Each structure stands twice: as C-alpha cells, then as structure tokens.
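Colleague: Here is my input; please provide its structure:
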Amino acid sequence: MSPDPANRPSARARFAGRGVLVTGSTGMGGSAAKALAAEGAHVFVIARDPERLAELAAVIGAAGGRCTTHSADVRDEGAVGEAFSAALRALPRLDAVYSVAGISGRRFGDGPLHEATLDGWEAVMGANATSQFLVVRAAVRQMLAQAADANGLRGSILTMSSTLVAHPAPAFFATHGYAASKGAIDGLTRAAAAFYAPQGIRINAIAPSLVATPMSRRAQADEAILAYLADKQPLAHGPIDVDAVTDVALHLLSDDARMITGQVVVVDGGWTVSEPRR
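Modeller: Sure, this is the predicted structure:
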C-alpha cells in the first residue's frame, strides 16, 4: 500500500495556485483530492455525503492543503449548476476537472442483458453517463469563458471510463448497463476533445480495471475474483492500489500532459494483455 497522498511529501507543485474540481470524496476521487492538494491545488470536491466530505476536508487541511467541499447529486442538472457556481466563488480559476463519481449498478438491477431491469439500466446510465455529461458541460462552459494560460490552454478535463468497455470479463463482471455507460463516456470524451481543442480545452478519459475502492468491495471479498485478478492484473497481483490510478490522473490533468487530448488512457495492471491461467 502506498502512503496516503495527503501526507506524503511532494517533490513537485504542478498545481500550485490552481483550482481543481473533483467529483467523489472516497476511492479514486478522495485519493486524487488529497494528492492534488499536496501538489498545491485549491481543491473543490463535490459529493453527495456531507460527512465523508467533511472527513476528506479535515484530512487535507491537517496536511496543510486547501479543500472546499459542496454536497450535491451530480445526476441533477440544477444541483450541478449550483455546485459549479459555488466552485467559481471559492476557486481562483477552474484549471482542471476530474469527474470521478459513479456507481457499479448491480444492486439497482444491472446485470447480464437478459436479466437486467430497466430501472437498473436507468440508474447506472444516470449515475455514470448523465452525470459525466452534466459535469463536463459545466466545466467546458466555464473554461470557454476564461482566458487562456501561458501555454495557450483554458483547462483540462478528465472523465472516468473503464477497461470493461473494450475488454469485458463475462465470467465475473457481467453488468452490461455499466459497460454501456462507460462506453458512452468514451464517445463523449473523444467527440468533445475534438470540438474544443481549438479553444485550448483538453479532455481525456482514464480507464482503470479493478481498483481497490469502496465500490469494488464485493469483488475484493470474492476469492474466485481475487484468484482471477492475480493473473489478469499481474503488475498488481490483485486489485490495483487506488493511488496508482491517481498518479496517472494527475499527470493527465497537469501541464505535463499539455499536448494530450482525446485519449482514453488505460490503467489496468496488465489486464488487457494478460489471460488467467487455465
């Protein structure tokens, strides 16, 4: 397990003086918020649970970072608008957005197509695809309205996809609505990146495989899945540590990646090039 990014010393300050908005207060969102603050960002975190937001802000503040939080449901158009208005009051400028928040959908009725319910489909599409649309749209609107920086860029946006879009694992992860919702995110990311590149807005997606987050607790407790992951994700020998995904996310959000847009970057511990032993 890597050290908590809120407490590990940063040799860099890629986000010093920058405002970064993150959706999601636990898992990949929480890890990114801590790491961004450790590198000098003023982080604005949107999530539904006020208690978890308060806990995250306290951890970041105790480590000397800056974090403002706002409780909102990013599936709701009005709530997203209010959250971005609050962010623009708190932040010096909206330099980057990391849209992480989403769900797995299984408990709502997602599953193999012949078993999946319409309620499950709508729940997962709303929480994953619609939320990304609303957050990315709000981010683009603000970035278009602000001046370009010294690199000629107005901002960077990173969405959350999944390795399952292109590399399914039907024996263990047969949630077809989830895969479809993440495929929609890939399409949105590439189309928007192409359209807004001339305006200096970068838009990319990150596509992890199975990461050790609260959302994947069921999989992490399944011995058969853990045995599968030992071979399928050989670089991790199991679930990927959340901070390994954060390291890639920060690179894509930072000026280190200023010439990268329209890409779906896979972080999979070897998933896409590995097969479990028979």
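
Colleague: What ranges does the stretch 151-278 of the chain have for its strands?
Modeller: With strands called from DSSP state E, counting those that start in this stretch, the stretch 151-278 of the chain shows them at 155-160, 201-208, 264-267.

Colleague: Single out the most deeply packed of those.
Modeller: The highest mean neighbour count among those, using mean count of other CB atoms under 10 Å, belongs to strand 155-160: a mean of 27. In this view, the C-beta of every residue, glycine as well, is placed from N, C-alpha and C.

Colleague: contacting residues around residue 30?
Modeller: Under the criterion of CB atoms under 8 Å, 6 or more residues apart in numbering, the contact partners of residue 30 comprise 24, 52, 56.

Colleague: What is the neighbour count of the last one?
Modeller: Read it as residue 56. Residues near residue 56, counting by other CB atoms under 10 Å, number 26.

Colleague: for residue 229, same thing?
Modeller: Here the number of neighbours of residue 229 (other CB under 10 Å) works out to 26.

Colleague: Excluding chain neighbours, give the residue nearest to it in space.
Modeller: For residue 229, ignoring the flanking residues on the chain, the nearest one in space by CB to CB, 6 or more residues apart in numbering is residue 238 at 5.0 Å.

Colleague: And the one you found, its phi and psi?
Modeller: Its backbone dihedrals place residue 238 at phi 150, psi -150, with angles given as degrees, to the nearest 10.

Colleague: residues touching it, list them.
Modeller: Here residue 238 is in contact with 226, 229-230 (CB under 8 Å, 6+ apart).

Colleague: again, but for residue 184
Modeller: With contacts taken as CB under 8 Å, 6+ apart, residue 184 has the following neighbours: 125, 128-129, 132.

Colleague: Please apply the same query to residue 48.
Modeller: Going by CB under 8 Å, 6+ apart, residue 48 touches 71-73.

Colleague: What are the contacting residues of stretch 60-80?
Modeller: The set of residues external to stretch 60-80 that reach it, using CB under 8 Å, 6+ apart, is 6-7, 23, 25, 33-34, 37-38, 41-50, 53-54, 56-57, 82-83, 86-87, 90-91, 99, 101, 126-127, 130-131, 134-135, 138.

Colleague: buried subset of those?
Modeller: Buried members of the contacts of stretch 60-80, counted by 16 or more other CB atoms under 10 Å: 6, 23, 25, 33-34, 37-38, 41-48, 53, 56-57, 83, 86-87, 90-91, 99, 101, 126-127, 130-131, 134-135, 138.

Colleague: number of nearby residues for residue 122?
Modeller: The local packing of residue 122 (other CB under 10 Å) involves 16 other residues.

Colleague: What of residue 224?
Modeller: The number of residues packed around residue 224, counting by other CB under 10 Å, is 10.

Colleague: ok, now which ones touch it?
Modeller: Applying CB under 8 Å, 6+ apart, the residues near residue 224 are residue 172.

Colleague: what sits against residue 247?
Modeller: Taking CB under 8 Å, 6+ apart as the definition of contact, the neighbours of residue 247 are residue 35.

Colleague: would you list the contacts of residue 30 in JSON lines and tack on distance to residue 272?
Modeller: What follows is the contacts of residue 30, written out as JSON lines (distance: CB to CB, whole Å):
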{"residue": "24", "distance to residue 272": "24"}
{"residue": "52", "distance to residue 272": "32"}
{"residue": "56", "distance to residue 272": "31"}
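
Colleague: Just the ones in strands from these, please.
Modeller: Mapping those onto strands (DSSP state E) picks out no residues; all lie outside.

Colleague: What residues sit buried inside the helix ranked longest in the chain?
Modeller: When every helix of the chain is counted residue by residue (DSSP state H), the longest turns out to be helix 176-196. The neighbour-count check on helix 176-196 (16+ other CB under 10 Å) flags 176-186, 188-190, 192-193, 196 as buried.

Colleague: just to revisit the earlier point, show me the contacts of stretch 60-80 that map onto strands.
Modeller: When DSSP E defines the strands, the subset of the contacts of stretch 60-80 inside them is 23, 42-47, 99.

Colleague: Which two among the residues you listed are spaced furthest apart?
Modeller: Using CB to CB, the pair of the ones in strands among the contacts of stretch 60-80 lying farthest apart is 42 and 99, separated by 17.8 Å.
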